[in-house]
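[1] Here's my sequence, what's the structure:
(2 chains)
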Number of protein chains: 2
Amino acid sequence: MSAKTRMIEVRENVLKQNDIVARELRRKFHDAGVFVVSMVSSPGAGKTALLENTLTRLRQECRVAALVGDLATENDAARLARSQAPVKQIITGTVCHLEAAMIDRALEGWKLDELDFLFLENVGNMVCPSSYDLGEDLRLVLMSVTEGEDKPLKYPTIFNSADVALITKIDLATAVEFDATAANRNIQAVRPGMAILDVSVKSGAGLDEFLDFLRARRADAQTVLGARAAT
Amino acid sequence: MSAKTRMIEVRENVLKQNDIVARELRRKFHDAGVFVVSMVSSPGAGKTALLENTLTRLRQECRVAALVGDLATENDAARLARSQAPVKQIITGTVCHLEAAMIDRALEGWKLDELDFLFLENVGNMVCPSSYDLGEDLRLVLMSVTEGEDKPLKYPTIFNSADVALITKIDLATAVEFDATAANRNIQAVRPGMAILDVSVKSGAGLDEFLDFLRARRADAQTVLGARAAT
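    Numbers count the residues shown, from 1 in each chain, chains lettered A, B, ... in the order given. The predicted structure follows:
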């Protein structure tokens, strides 16, 4: 057996173990009543900027917190701390994605039932994070207008494994001659029916709609869990 | 032994095997007198646009070709074919990086001694490609002004394992309030002495300097190989 074949087998094992931990996490999150949203994208698509804005605004009305993954530096946690929400950095070293066990460890000492929303910001990577369930309720894939409209076709798995697509930095759409029709068509080709939201942290466009969307999804989840608990 | 520990061990094996194939490739490239340049970056940093421009211009004066990696689609090969240079797409499936063996296979049927430059465009990914030697003479890491100045600190290995940094899309620098001083400082912090070139395919800025740089590096390599052959 080649080292390559062995790697694929061992990787399947790691993924299976991740799924077990993720299932356990999801149960914990539901028991605590916290709605968990994860974010994936290329480096520089604007995850941290959107998250800082979201934490700052949601904090006015409910209890929010975030975990943020990077290979190195605590830069993002420092930026997000400006929102005054509890934030913890996960340093992955050379690992190109977050795993459920990293989330589980990072949550030690946090009281989940004192939270309404928990955000998980993944390492900037359009490939590897797609395979790892983190126990989240909602996975957002971000794609900035500067990246090119064909990204969904080139990275189909990350779009397939996400629930919602956010087109970010739309204030730059004209400057980069972004073709929204082509981008939407490519997203729908990879994941038909996917919800798509346009946002710009710089201009503020779409941010109210994004918060409304998060609140509505959380409310839906609470209704489902409430109905299940009542039976 | 955990699946995780086993994965690390098997991964080291795969990397070792890759190094063997890469060494063999490098020998073949040197024997044929072809100068090999690889490109790594985030998705959407502008590798394909720069490569299309470079192939089109270099073709006027010498023999060029390219291999281009993506998880899915032949889009990039189709775009690059407009340069009229020979181009082949490598579809990696779910693999997040190119490997030396993929390059070796893709080169079957090509006469390397009929080429002056061969370009290798990696999968858009700031993490995984850094570990895989492709036998190239020169590795370029691209970072667009829209990605944020702290990327070198957050993805140190990809900058460390590259020879030259290209800051792309500098026509957008003002629109995104790009801080060139901070970006350069962060690159130098991760890899002191690294050459940095600013380019924009849209405005044409820095493209002549980039070609001069490639020609000079190729000439240097030829001199070294010539001196070695003469001894």
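[2] Please enumerate the helices of chain A.
    In chain A, the helices defined using DSSP state H lie at A:3-32, A:47-58, A:75-81, A:100-106, A:151-154, A:156-160, A:180-190, A:207-230.
[3] And the residue nearest in space to the middle of chain A, how far from B:Pro86?
    In chain A, the centroid-proximal residue (CA atoms, centre = their mean) is A:Met39; its distance is 1.7 Å. Distance of A:Met39 to B:Pro86, given as CB to CB, to the nearest Å: 40 Å. Bear in mind the C-beta positions are built from the backbone N, C-alpha and C, glycine included.
[4] Then A:Val87?
    Taking CB to CB, one finds A:Val87 at 50 Å from B:Pro86.
[5] count of residues packed around A:Arg228?
    The tally of other residues near A:Arg228 (other CB atoms under 10 Å in any protein chain shown) stands at 9.
[6] Need the pLDDT of the residue nearest to the centre of chain A.
    As predicted, A:Met39 sits at a pLDDT of 98.
[7] Ok, A:Ala3 next?
    81.
[8] ok now do it, which residues does it touch?
    B:Val10, B:Asn13, B:Val14, B:Gln17 (CB atoms under 8 Å, 6 or more residues apart in numbering or on different chains).
[9] correct me, but the first one touches A:Ile8?
    Just to be clear, that refers to B:Val10. No. Taking CB atoms under 8 Å as the definition, B:Val10 is not a contact partner of A:Ile8, at 9.1 Å.
[10] And the two? Which one has more around it.
    Legend: neighbour count by other CB under 10 Å for B:Val10 and A:Ile8, higher for B:Val10 (20 against 11).
[11] Contact partners for that one?
    Residues in contact with B:Val10 (CB under 8 Å, 6+ apart) are A:Ala3, A:Arg6, A:Met7, A:Val10.
[12] Excluding sequence neighbours, find me the nearest residue to it.
    A:Met7 (4.5 Å; CB to CB, 6 or more residues apart in numbering or on different chains).
[13] which residues of chain A score low on pLDDT?
    Residue ranges of chain A with pLDDT under 70: A:1, A:231.
[14] tell me how far stretch A:31-49 is from the chain's mean position?
    3 Å (CA atoms, centre = their mean, to the nearest Å).
[15] What residues sit buried inside that stretch?
    Using 16 or more other CB atoms under 10 Å in any protein chain shown as the test for burial, stretch A:31-49 gives A:32-49.
[16] Rebuild the contacts of A:Ala3 as JSON lines, extending it with distance to B:Pro192.
    As requested, those are exported to JSON lines (distance: CB to CB, whole Å):
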{"residue": "B:Val10", "distance to B:Pro192": "34"}
{"residue": "B:Asn13", "distance to B:Pro192": "32"}
{"residue": "B:Val14", "distance to B:Pro192": "30"}
{"residue": "B:Gln17", "distance to B:Pro192": "31"}
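[17] Of those, which is the most crowded?
    The most crowded member of the contacts of A:Ala3, judged by other CB under 10 Å, is B:Val10 (20 neighbours).
[18] Quick check: the gap between that residue and A:Ala3.
    6 Å.
[19] got it, and A:Lys16?
    The gap separating A:Lys16 from A:Ala3 is 20 Å, by CB to CB.
[20] One more: A:His97?
    Distance, A:His97 to A:Ala3, using CB to CB: 21 Å.
[21] Not counting sequence-adjacent ones, nearest residue to A:Leu138?
    Excluding the flanking residues, the one nearest A:Leu138 by CB to CB, 6+ apart is A:Val37, at 4.8 Å.
[22] How about A:Ile196?
    Looking at A:Ile196 with CB to CB, 6+ apart, the closest residue is A:Ala165, at 4.8 Å.
[23] For that neighbour, name its beta-bridge partners.
    A:Val141, A:Ile196 (DSSP bridges).
[24] show me the contacts for the residue nearest to A:Phe35 when sequence neighbours are not counted.
    Of all residues not flanking A:Phe35 in the chain, A:Arg218 sits nearest, at 4.1 Å (CB to CB, 6+ apart). By CB under 8 Å, 6+ apart, A:Arg218 lies in contact with A:Phe35, A:Asp116, A:Phe117, A:Asp137.
[25] close enough to count as contact, the last one and A:Val37?
    Yes. A contact is recorded between A:Asp137 and A:Val37 when judged using CB under 8 Å, the distance being 6.8 Å.
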